[in-house]
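Asker: can't give you the sequence, but here's the structure:
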């Protein structure tokens with residue numbers, strides 16, 4: 001029987017994070033064999049999947065983009081097709097697209113402490129629909145599949161939905177044949193997807209109503225960054241990108257800290273901005289003033305206040321109420337009012353799913369994820385040679401994604417330097433169990449119990465602070481919490497046989513400055 005192909009590192013997912021991870025591994029760990037396993041048939045991940053009207057970034061592209069490839073387009077808050085093009089051009093420019101195994105899904109991943117390798121079970125569907133399975137082994141497994149379930153969103157049961165005479169659409173699976181020109185549209189939801197859909201559809205639809213159970217914090221932001229435009233006029237692209245990126249990181253972090261430390265002042269600021277654009281304090285009080293404090297849930301940014309402009313122009317409206325039942329002509333609310341509709345869009349959010357649905361095991365035994373802790377926001381206790389990419393909740397996803405990829409490169413080099421075949425993080429003290437994501441959002445609360453936890457101190461905390469994380473990730477000691485298995489495990493002076501979950505030895509502390 002032919003042995004399966006073996007690679008040094010396998011990345012799961014060819015989206016924004018996976019392409020960035022491959023770039024870092026190729027440039028910082030030259031000589032390592034790397035492949036990306038992608039379930040879809042194209043590079044792009046989220047930005048290839050989501051095709052609903054107006055899909056765009058909810059962060060500026062100078063921080064959502066890669067630090068190693070300048071964002072050159074005019075808009076700071078960019079549309080989905082522009083972001084997809086940027087990802088694919090980056091992949092092609094650096095030869096990363098040639099590393100991708102398309103149409104291939106990881107359905108199982110098991111680490112052997114005997115061989116210090118991951119064995120991945122891959123499932124591929126051919127052009128004829130035939131499904132085949134194969135195996136692939138690797139020394140290190142890096143999940144860049146995000147933490148959303150891309151096959152199924154949060155789909156609450158609405159009474160009477162089968163009686164509705166119009167069409168029900170889910171943003172995650174937007175139909176190409178949907179014609180809503182001149183029609184009455186109701187968008188159920190108030191998160192980032194809803195506030196994107198409403199102004200985009202309002203330009204074509206007869207009228208769009210955003211139906212929300214409760215308000216969300218929304219802030220108008222400039223669609224273009226005028227300072228960035230000026231800096232890019234005066235300086236080379238790479239230098240300008242780094243300066244604007246630093247400016248936006250500093251502003252975002254400062255604003256987040258302001259909101260968390262001075263919530264009353266933040267509420268006044270945000271409601272004041274909304275009132276200035278909408279011109280009606282009563283509307284702001286009823287529909288745009290949440291009961292929770294800013295950044296208890298993620299803040300929704302609207303470029304150039306497009307949602308507010310659609311409302312003031314009369315092309316869109318906001319209703320705060322609960323769905324009672326669907327009726328043939330639309331949606332009946334608890335208040336008794338009926339919102340007549342030809343199309344209803346259920347922008348009710350996504351579902352969380354750890355590691356793209358992969359359930360990792362060690363020596364054939366499942367590792368219960370809720371019992372594990374995350375180290376430096378990346379590696380997980382009791383899962384050797386494994387890392388996961390988890391972005392920020394208060395800033396651009398790519399900021400932490402890039403730090404995590406650079407950490408993975410440091411760990412791989414660290415293993416080579418110290419002669420270790422496997423490493424796994426292990427806390428040196430008891431840790432308090434805290435949720436991985438500290439957000440009150442419904443989509444988080446519904447599923448966060450199934451994820452690994454964060455601790456309360458040091459490298460075991462998942463901070464929302466890029467500056468501190470950058471110092472810790474790029475300069476911090478790797479050996480303090482990592483334990484490893486020597487390549488020559490048969491040497492009795494090295495503790496005999498057994499992986500890092502058995503007789504592991506502590507990796508020597510690395511001097512400050514790192515690899």
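Answerer: Cool, got the structure. All figures in this text were calculated on a predicted structure; none of them were measured in a lab.
Asker: isn't there a strand covering residue 137?
Answerer: Yes: using DSSP: H, G, I helix; E, B strand; the rest coil, the assignment for residue 137 is a strand.
Asker: test my guess that it contacts residue 8.
Answerer: No: here residue 137 lies out of contact with residue 8, judged by C-beta atoms under 8 Å, at a distance of 10.4 Å. All C-beta spots, glycine's among them, are computed from the backbone N, C-alpha and C.
Asker: so which strand or helix has residue 194?
Answerer: Assigned by DSSP states H and E, residue 194 belongs to helix 192-202.
Asker: just after that helix, pick out the following helix or strand.
Answerer: strand 207-212.
Asker: that following strand pairs with which strands, parallel or anti?
Answerer: Note on strand 207-212: by DSSP bridges, its sheet partners are strand 184-188 (parallel), strand 316-320 (parallel).
Asker: ok, and what's touching it?
Answerer: Residues from elsewhere that reach strand 207-212 (C-beta atoms under 8 Å, 6 or more residues apart in numbering): 184-190, 194-195, 197-198, 201-202, 287, 307, 310, 315-321, 323, 331, 333, 339, 341.
Asker: and the helix or strand that contains residue 27, average pLDDT?
Answerer: Using DSSP H and E, residue 27 sits in helix 16-28. The average pLDDT within helix 16-28 is 97.
Asker: same check, this time on stretch 201-215
Answerer: Averaging pLDDT along stretch 201-215 gives 96.
Asker: OK, contacts around residue 105?
Answerer: Taking C-beta under 8 Å, 6+ apart, we find residue 105 in contact with 37, 39, 122, 123, 124.
Asker: partner residues bridging it?
Answerer: The residues listed as beta-bridge partners of residue 105 by DSSP bridges are residue 123.
Asker: that one and residue 338, how far apart?
Answerer: Separation of residue 105 from residue 338 (C-beta to C-beta, to the nearest Å) stands at 43 Å.
Asker: got it, and residue 98?
Answerer: Residue 98 is 55 Å from residue 338, where distance means C-beta to C-beta.
Asker: more crowded one of the two?
Answerer: More neighbours surround residue 338 than the other of residue 98 and residue 338, with 14 against 10 (other C-beta atoms under 10 Å).
Asker: what sits against the residue lying closest to the more buried one once chain neighbours are set aside?
Answerer: Distance criterion C-beta to C-beta, 6 or more residues apart in numbering; nearest residue to residue 338, sequence neighbours excluded, is residue 332 at 4.9 Å. Residue 332 makes contact with 323, 324, 325, 326, 338, 339, according to C-beta under 8 Å, 6+ apart.
Asker: now do residue 332 against residue 239, distance only.
Answerer: Plainly put, residue 332 is 58 Å away from residue 239 if you go by C-beta to C-beta.
Asker: what about the longest helix in this structure?
Answerer: As assigned by DSSP state H, the longest helix anywhere in the chain is helix 237-261.
Asker: any idea of the mean pLDDT in it?
Answerer: Averaged across helix 237-261, the pLDDT comes to 95.
Asker: how far away from the center of its chain is it?
Answerer: Here helix 237-261 is found 19 Å from its chain centre; the criterion is C-alpha atoms, centre = their mean, to the nearest Å.
Asker: packing partners of that helix?
Answerer: Judged by 3 or more C-beta pairs under 8 Å, 6 or more residues apart in numbering; DSSP states H and E, helix 237-261 is in contact with helix 61-64, helix 226-234, helix 263-278, helix 466-475.
Asker: what about this protein, any weak spots by pLDDT?
Answerer: Within the chain, the segments meeting pLDDT under 70 span 1, 150, 152-154, 438-447, 489-515.
Asker: quick check: domain ranges of it?
Answerer: 5-150+351-506, 161-346 (automatic domain parsing).
Asker: winner for burial among these?
Answerer: The highest mean neighbour count among the domains of the chain, using mean count of other C-beta atoms under 10 Å, belongs to domain 5-150+351-506: a mean of 19.
Asker: how far is that one from where the chain is centred?
Answerer: On C-alpha atoms, centre = their mean, the centre of domain 5-150+351-506 falls 11 Å from that of its chain.
Asker: what do you get for stretch 269-287?
Answerer: Averaging C-alpha positions (C-alpha atoms, centre = their mean) puts stretch 269-287 30 Å from its chain's average.
Asker: cool, stretch 205-215 as well?
Answerer: The answer for stretch 205-215 is 26 Å, by C-alpha atoms, centre = their mean.
Asker: the nearest residue to residue 60 once chain neighbours are set aside: what secondary structure?
Answerer: Distances taken as C-beta to C-beta, 6+ apart place residue 76 nearest to residue 60, at 4.6 Å, with adjacent residues excluded. Following three-state DSSP, we place residue 76 in the coil state.
Asker: got the contact list for residue 76?
Answerer: Residue 76 is in contact with 60, 61, 62, 222, 223, 224, 225, 228, 303, counting by C-beta under 8 Å, 6+ apart.
Asker: what about the nearest residue to the second one once chain neighbours are set aside, distance to residue 322?
Answerer: If I follow you right, that is residue 61. Spatially, and ignoring its direct neighbours in sequence, residue 61 is nearest to residue 71 (4.4 Å; C-beta to C-beta, 6+ apart). As judged by C-beta to C-beta, residue 71 and residue 322 stand 41 Å apart.
Asker: and for residue 306?
Answerer: Here the criterion is C-beta to C-beta. By it, residue 306 lies 26 Å from residue 322.
Asker: wasn't residue 68 part of a helix?
Answerer: No: counting by three-state DSSP, residue 68 falls outside a helix, being coil.
Asker: give me the distance between residue 48 and residue 26.
Answerer: Relative to residue 26, residue 48 is positioned 22 Å away (C-beta to C-beta).
Asker: show me the contact partners of stretch 272-283.
Answerer: The contact list for stretch 272-283, computed with C-beta under 8 Å, 6+ apart, reads 218, 219, 220, 284, 288, 305, 308, 309, 311, 312, 318.
Asker: same thing but at 10 Å, please
Answerer: 215, 217-221, 271, 284-289, 302, 304-305, 307-309, 311-312, 317-318 (C-beta atoms under 10 Å, 6 or more residues apart in numbering).
Asker: list the ones among those that fall in strands.
Answerer: Within the contacts of stretch 272-283, residues falling in strands by DSSP state E are 218, 219, 220, 221, 302, 317, 318.
Asker: now the two most distant members of the residues you listed.
Answerer: The largest separation in these, counting by C-beta to C-beta, is between 221 and 317 at 22.4 Å.
Asker: relative to the following helix or strand past the helix holding residue 27, what are the paired strands and their orientations?
Answerer: Moving toward the C-terminus from helix 16-28, the next helix or strand (DSSP H and E) is strand 34-37. Next to strand 34-37 in the sheet, as set by DSSP bridges, lie strand 5-12 (parallel), strand 100-101 (parallel).
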